[in-house]
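> got a structure for you, letters missing:
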RNA sequence: GCGGGCGUAGCUCAAUUGGUAGAGCGUCACCCUUCCAAGGUGAAUGUUGUCGGUUCGAGUCCGAUCGCCCGCUCCA
């Protein structure tokens, strides 16, 4: 049997639409860029992943609790977090090479060049100008003026043919209050869920009887006005994060960071993601986010290449210190054991739920040759499968239907099930293969005599004859012992 | 956002120099069918992405706009 591997996202996009996993948002109006909706199967798959994460983080750790913070937050939160500043890149395009640069970086490079040439007076003067951008006409205009005055050329093409400097604010802004019009009432849609945890850190500490080290977990939507949002649900403007912030004593952060990196990697394997498609990629120091001391990606081998699904960050005491500074509220923790007071360090695990869903689909997708026929199958971990059990009468005869209905009624208490009597039996199996349904039960005439049915397994298409009363046990055992291949 | 490519039924694609929009698959209904998609009959589905222009006549030519794909940048 030959198995074809996935070489582009197209097949996943097609399958997602055809089977009802994922649709483009507002499709009947021509679609909305980089926004997607989950259909009947997609919502189940996504929820199963979310539930697995929540269980792994909170239920199996007695020192991790959950919160569900609002998307709207006080605007000061984003000043404190550094997003107002750091998420605000002034960009300029070289019309010749079509390359885009950060305007302030261009000027800094130019200053460095001047220094290398020994023109430090000129360099200092420029640095002074760069430091005071925004005080003359405006941030973009001031940067543009410097580039024009100094005739800074594009690094790659050597051309001096720039567009204007434009600002790419990655945060969505909206107005708070029905009558508000001006920017005084501007409020942001959160660009990450983490801040909802930090601002509730004291509340949790005061109410949940937790002691350091402890964690706070949260699942929720975040919004980023990405310059380039593409590649299906991989990079969306509205997306869902599953984040956990782990608060530790300073000095314990590096050890905790290593532990969480490992714990999180194991979680992916527990979802049945094949090990060869997973890897850890540490961030080089010069590419760290403004809040991080150390960071690593857990990457998955997507058809579009190795890409980040989860980030583990050592955020130090950056966030809590900043919130202490901006809010004027003490963020210190009094450690009874150590008899000392400190602002905890934070290790963050941050995973994209939509990316994770896409990963599950990509990892599970197979096209197999079976006796000259092709079969498309999603070999999802049974616990992630949108439908667990398909139930069919072999043919549309009343006596077979009767037993099938009875089995459906019994199993639907514990599993998501689907009854189907249309088309040939083979066709019904294949339909469920595409949906990733791991088990199909078929009621035949033999079984009416001794109260047995056949159960057919998605992965190898093997069948077993099972007593009707043992069905739930068999399914449960199979789900537990399932391994990816 | 900028540059390039693309846009016809749910999907894959046809449609002669500009001259009546079609097929296969899928979906649905009925029939047939005792275990791996391709048996029979029938049905639904399109302002050819959208808007405008040229023309007697536009899926086809022109313009704008929207969306998708690839690259530049950033991240979950």
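Here it is on my side, so go on. Remember, predicted model here, so these are calculated numbers, not experimental data.
> and stretch A:453-473, what's its mean pLDDT?
Across stretch A:453-473, the average pLDDT comes to 95.
> backbone phi and psi for the residue in chain A that RNA strand B sits nearest to, please?
The nearest approach of chain A to RNA strand B comes at residue A:426, 2.4 Å away (Cβ to the nearest atom of the strand). All C-beta spots, glycine's among them, are computed from the backbone N, C-alpha and C. With angles defined as degrees, to the nearest 10, residue A:426 sits at phi -60, psi -40.
> What is the burial count for it?
9 (other Cβ atoms under 10 Å).
> which SSE is residue A:140 in?
Using DSSP states H and E, residue A:140 falls within helix A:139-150.
> Give me the buried positions along that helix.
Residues of helix A:139-150 classed as buried by neighbour count (16 or more other Cβ atoms under 10 Å): A:139, A:140, A:142, A:143, A:144, A:146, A:147, A:150.
> what's the farthest-apart pair in these?
Within the buried residues of helix A:139-150, two members stand farthest from each other by Cβ to Cβ: A:139 and A:150, at 17.2 Å.
> what's the closest non-adjacent residue to residue A:130?
The shortest distance from residue A:130 to any non-neighbouring residue, by Cβ to Cβ, 6 or more residues apart in numbering, is to residue A:107 (5.2 Å).
> Tell me if residue A:111 really is in a strand.
No. With DSSP: H, G, I helix; E, B strand; the rest coil as the criterion, residue A:111 is assigned helix and is not in a strand.
> just checking, it touches residue A:126?
Yes. Under the criterion of Cβ atoms under 8 Å, residue A:111 makes contact with residue A:126 at 5.2 Å.
> who has more neighbours, those two?
Set residue A:111 next to residue A:126 and count neighbours by other Cβ under 10 Å: residue A:111 wins out with 23 against 20.
> got a list of what the more buried one touches?
Taking Cβ atoms under 8 Å, 6 or more residues apart in numbering, we find residue A:111 in contact with A:123, A:126, A:127, A:130.
> Would you format those residues as a markdown table with pLDDT included?
Shown next, in a markdown table, are the contacts of residue A:111 (pLDDT from 0 to 100):
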| residue | pLDDT |
| --- | --- |
| A:123 | 81 |
| A:126 | 79 |
| A:127 | 80 |
| A:130 | 76 |
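> Narrow these to those in helices?
Using DSSP state H, A:123, A:126, A:127, A:130 are the members of the contacts of residue A:111 that sit in helices.
> farthest pair in these?
A:123 and A:130 (10.3 Å).
> follow-up on the earlier one: can you redo the ones in helices among the contacts of residue A:111 as JSON lines, where the extra columns are distance to residue A:239?
Listed next are those as JSON lines, based on distance: Cβ to Cβ, whole Å:
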{"residue": "A:123", "distance to residue A:239": "42"}
{"residue": "A:126", "distance to residue A:239": "39"}
{"residue": "A:127", "distance to residue A:239": "38"}
{"residue": "A:130", "distance to residue A:239": "34"}
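> quick one: which of the residues you listed has the most company?
residue A:126 (20 neighbours).
> Next up, the contacts around it.
So residue A:126 contacts A:107, A:110, A:111, A:114, A:146, A:150 (Cβ under 8 Å, 6+ apart).
> Spell out the secondary structure type for the fourth one.
Here residue A:114 is helix, with the state taken from three-state DSSP.
> could you dump the contacts of residue A:126 to a markdown table with distance to residue A:67?
Conversion of the contacts of residue A:126 to a markdown table gives the following (distance: Cβ to Cβ, whole Å):
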| residue | distance to residue A:67 |
| --- | --- |
| A:107 | 42 |
| A:110 | 46 |
| A:111 | 45 |
| A:114 | 50 |
| A:146 | 45 |
| A:150 | 49 |
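> Using TSV, lay out the residues you listed together with pLDDT and distance to residue A:450.
Output for the contacts of residue A:126, formatted as TSV (pLDDT from 0 to 100; distance: Cβ to Cβ, whole Å):
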residue	pLDDT	distance to residue A:450
A:107	81	83
A:110	81	85
A:111	81	86
A:114	81	90
A:146	82	87
A:150	79	89
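> these two touch, right, residue A:375 and residue A:368?
Yes. Contact criterion Cβ under 8 Å: residue A:375 and residue A:368 qualify, at 4.7 Å.
> number of nearby residues for the closest residue to residue A:358 other than its chain neighbours?
Excluding the flanking residues, the one nearest residue A:358 by Cβ to Cβ, 6+ apart is residue A:233, at 5.1 Å. By other Cβ under 10 Å, 27 other residues sit near residue A:233.
> And the pLDDT for residue A:233?
Note for residue A:233: predicted pLDDT of 85.
> following the strand or helix carrying residue A:195, which helix or strand shows up next?
Assessed by DSSP H and E, residue A:195 sits inside helix A:194-198. Note on helix A:194-198: by DSSP H and E, the next helix or strand toward the C-terminus is helix A:201-207.
> buried residues in that following helix?
For helix A:201-207, burial by neighbour count (16+ other Cβ under 10 Å) applies to A:201, A:202, A:204, A:205.
> How is chain A divided into domains?
As assigned by automatic domain parsing, chain A contains the domains A:3-73+A:186-362, A:88-169, A:387-481.
> and of the ones you listed, who's closest to residue A:176?
Closest to residue A:176 of the domains of chain A is domain A:3-73+A:186-362 (Cβ to Cβ; 4.0 Å).
> Buried residues in stretch A:204-221, which are they?
Of the residues in stretch A:204-221, A:204, A:205, A:210, A:212, A:213, A:214, A:215, A:216, A:217, A:218, A:219, A:220 count as buried by neighbour count, 16+ other Cβ under 10 Å.
> Give me the contacts around that stretch.
So stretch A:204-221 is contacted by A:50, A:53-54, A:57-58, A:61, A:63-69, A:71, A:193, A:196-197, A:200-201, A:238-249, A:252, A:256, A:333, A:335-336, A:344, A:353 (Cβ under 8 Å, 6+ apart).
> Helices of the stretch 201-350 of chain A, start to end?
A:201-207, A:253-270, A:318-327 (DSSP state H, counting those that start in this stretch).
> Relative to residue A:388, which of the ones you listed is closest?
Residue A:388 sits nearest to helix A:253-270 of all the helices of the stretch 201-350 of chain A, at 17.7 Å, using Cβ to Cβ.
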